[in-house]
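Fold the following for me, if possible:
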Amino acid sequence: MKISEIYNLEKSQRELDFVDIDIEEDLPLFLDPYFLSLRVDPWSIDAHRTIQSFFHNVLDLYKAGRRIEAKQLFVNLSEPNETCFGVSDGKPRGRGVGTNEAVEIFDNITSSQAIEQGLVGHLEDMVVFVDNVGKDKISDLITNVIRKQLIEYTQTQCKLLGIPLTSDVPSGYFWNSTLRQWDNMLTEMLVIAGRKIILVPKSIVTYSYKYTPERYCQHFVLNFLQNEHIRINSSLVRRKKLKNGNEKVWVTKKDIAEEEKAFRKEYLREFTKQHPEIFENFRSLTKKEVQPLTHEQLESDDSFEINDYIDILISRLNKIPTGSKSAGEYHRHILGIMEFIFYPNLTRPIIEHEIHQGRKRIDISFDNSATTGFFYQLHATKDIPSQYIFVEVKNYSNEVTNPELDQISGRFSPNRGKFGILVCRKIDDMDKFIERCADTYHDQRGLVIPLVDEDFIYLLNEIKNGTTKPEESLLSERLRKIVMR
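Next up is the predicted model:
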C-alpha cells in the first residue's frame with residue numbers, strides 16, 4: 001500500500017511533496033548527486049554540502065596516504081531499504097551498498113587509480129570512471145550520507161499531514177559534516193508495521209541518470225573521435241561519390257567503439273586524461289539536460305484522468321465551509337492545490353513554522369526551488385529576497401483586511417525572505433486590497449500577493465484546458481499592479 005492509502009490522506013501524488021511510495025515494493029527511482037548539486041533550494045544545498053563533505057574527506061585521507069582510514073569510512077554504509085527505491089524484486093531491500101559492496105567500491109576506486117589521475121573530483125564522477133559502480137550504488141551511498149536530512153524531511157511532512165511518528169528510534173548512520181564522521185541518534189521516525197520508512201522529496205529523484213558513462217561516451221567521446229579519424233584520414237574513414245560529383249566522407253560511431261572498445265571505463269579514463277576538456281564539456285552541457293520529474297512521470301496509475309482529477313479538486317474546494325471549524329480542512333486542501341500548481345518551483349512545505357523564538361508562526365513556508373520564471377525572477381531581477389515563500393491561509397467568512405496583511409509582512413526578513421502569498425476565500429474589492437499590498441511594498445515591508453478561491457479555480461481550469469504554467473501570468477500581472485501603484 002502507498003503512504004497516502006495507509007494514512008487515508010485523500011491526496012494523489014500531485015498533491016504530495018514526497019514520493020508516494022508503496023512500502024511493499026521498490027520503485028525504480030534513484031537519487032542523483034549531480035542533479036542534487038544543481039538545485040538551488042535550501043534543503044538541496046544543505047544535502048549537497050553534506051555529500052561533498054563526505055567525499056572530500058575520503059579524498060583528503062586518500063591523497064594523504066591514509067587509505068586504511070579512508071576505507072574505514074565505507075564500513076558504516078548500510079543497505080538503505082527505508083526509501084523503497086531501487087530495482088529489487090519483491091519486498092524492498094537494499095540493492096547496492098551493504099558493507100561488503102561499499103568496501104568493494106573503495107577497492108575499485110583504488111584499482112582504477114581515478115583519484116591519482118585527477119579524474120574523480122565529485123562523487124558522481126565515480127559512475128563514469130570507477131568499475132562496478134552504477135547509479136544504484138551511488139544512490140544508495142548518498143541515501144546513507146544524507147540520512148539525517150531525509151529523516152528531518154520525513155518529520156516535517158508527517159507533521160504537515162498528521163501522520164504519527166514513533167519516538168526514540170535509532171536513525172541509522174548518517175554523515176555529520178560538522179564532526180566529519182559517521183554519526184547516529186535516537187529520533188522520531190515514521191515506522192509502519194515495525195519498519196522504518198524514510199520519505200524522499202519528489203523534486204530530487206530521477207528514473208535514469210543523464211550523468212552516465214554511456215552518455216559521455218556516445219555523445220561526447222565518440223563525437224570527438226569521429227572528427228579526429230576524419231582529420232587524420234584513418235582506416236575507419238568511409239567515402240562515397242555522390243551523383244553531384246561531391247564526395248561524402250564519414251566515420252560511424254559503431255566502428256570507432258568496436259575498434260577502441262570505447263565503452264569500457266578503462267578506455268574512458270585513458271581518453272579523459274588526454275582530453276580533459278571533453279569531460280568538462282560533458283559536465284557543463286549535462287546541466288541543461290536534467291530536470292525534476294513531472295507529475296505525469298511520477299504518476300503510476302495508467303487510468304488517471306487529469307480532467308476528472310481537477311474537477312474533484314474544484315468540487316472539494318467549493319464544498320468546504322468558511323469559518324474556524326473548517327479551517328484545517330481548507331488549509332490542507334489549499335496546500336494540495338498549491339503543491340499541484342506550483343511544483344517544481346515551490347517544494348518542501350512546512351506547516352506552522354515558528355520564528356522569533358516561537359512568538360510568531362507562519363502557516364506554511366515553501367522552499368523556493370525555481371530556476372526560471374516568476375519565483376526565480378523575484379530575487380534574480382526584482383531584488384526581492386525569496387529564499388523561502390511564506391503562505392498564510394485564512395478560511396474567514398468575512399473580508400481579510402490590514403491586520404492580516406500586516407501579520408504576514410511582519411514575518412518577513414532579508415534572510416528568510418520578503419515575499420508571501422495571502423490565501424483567503426474571497427476579496428470583494430480586489431483593487432482596494434491591491435492598494436493595501438502596494439502600500440506595504442512601497443513602505444519596504446515586503447511584497448504580498450493575494451490569491452482567492454476564484455484564482456485557484458481559474459488556474460485549475462486553465463491547466464485542464466491545456467494552458468502551460470498559467471500561474472506565471474496571473475502572479476506576474478498581480479505583482480505588476482502592486483509595484484506600479
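
Where do the strands of this protein begin and end?
Assigned by DSSP state E, the chain shows strands spanning 30-31, 166-170, 174-176, 181-183, 186-192, 195-197, 205-206, 238-241, 247-250, 346-355, 360-368, 388-394, 419-424, 447-452.

measure stretch 155-175 end to end?
18 Å (CA to CA, to the nearest Å).

follow-up on the earlier one: how about the strands of the chain in a markdown table, adding mean pLDDT, distance to Leu405 and mean neighbour count?
The way it works is simple: take the backbone N, C-alpha and C, and place the C-beta from them, glycine included. A markdown table is the format used below for the strands of the chain (pLDDT from 0 to 100; distance: least, CB to CB, whole Å; neighbours: other CB atoms under 10 Å):
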| stretch | mean pLDDT | distance to Leu405 | mean neighbour count |
| --- | --- | --- | --- |
| strand 30-31 | 92 | 40 | 26 |
| strand 166-170 | 98 | 39 | 12 |
| strand 174-176 | 97 | 41 | 21 |
| strand 181-183 | 96 | 44 | 15 |
| strand 186-192 | 98 | 35 | 17 |
| strand 195-197 | 97 | 40 | 17 |
| strand 205-206 | 90 | 38 | 22 |
| strand 238-241 | 92 | 72 | 10 |
| strand 247-250 | 92 | 67 | 10 |
| strand 346-355 | 78 | 17 | 19 |
| strand 360-368 | 79 | 14 | 21 |
| strand 388-394 | 94 | 9 | 23 |
| strand 419-424 | 96 | 7 | 24 |
| strand 447-452 | 97 | 6 | 22 |
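
Looking at those, which is nearest to Glu435?
Glu435 lies closest to strand 447-452 among those, at 11.5 Å (CB to CB).

list the helices and strands the closest one packs on?
Packing partners of strand 447-452 (3 or more CB pairs under 8 Å, 6 or more residues apart in numbering; DSSP states H and E): helix 402-409, strand 419-424, helix 430-442, helix 470-483.

what about the ones you listed, which gets the closest to Leu27?
Leu27 sits nearest to helix 470-483 of all the helices and strands packed on strand 447-452, at 28.3 Å, using CB to CB.

Need the strands of the chain in a markdown table (columns: distance to Asp20).
A markdown table is the format used below for those (distance: least, CB to CB, whole Å):
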| stretch | distance to Asp20 |
| --- | --- |
| strand 30-31 | 17 |
| strand 166-170 | 20 |
| strand 174-176 | 24 |
| strand 181-183 | 30 |
| strand 186-192 | 13 |
| strand 195-197 | 12 |
| strand 205-206 | 12 |
| strand 238-241 | 52 |
| strand 247-250 | 49 |
| strand 346-355 | 15 |
| strand 360-368 | 19 |
| strand 388-394 | 22 |
| strand 419-424 | 24 |
| strand 447-452 | 26 |
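
quick one: which of those is nearest Leu141?
Among the strands of the chain, the nearest to Leu141 by CB to CB is strand 30-31 (9.0 Å).

Any chance you could list what contacts the closest one?
Applying CB atoms under 8 Å, 6 or more residues apart in numbering, the contact partners of strand 30-31 are 85-86, 135-136, 138-139, 142-143, 200, 204-209.

show me the contacts for the residue positioned nearest the centre of the chain.
Central residue of the chain (CA atoms, centre = their mean): Ile204, 2.4 Å from the mean position. Applying CB under 8 Å, 6+ apart, we find Ile204 in contact with 31-32, 35-36, 39, 44, 47, 292.
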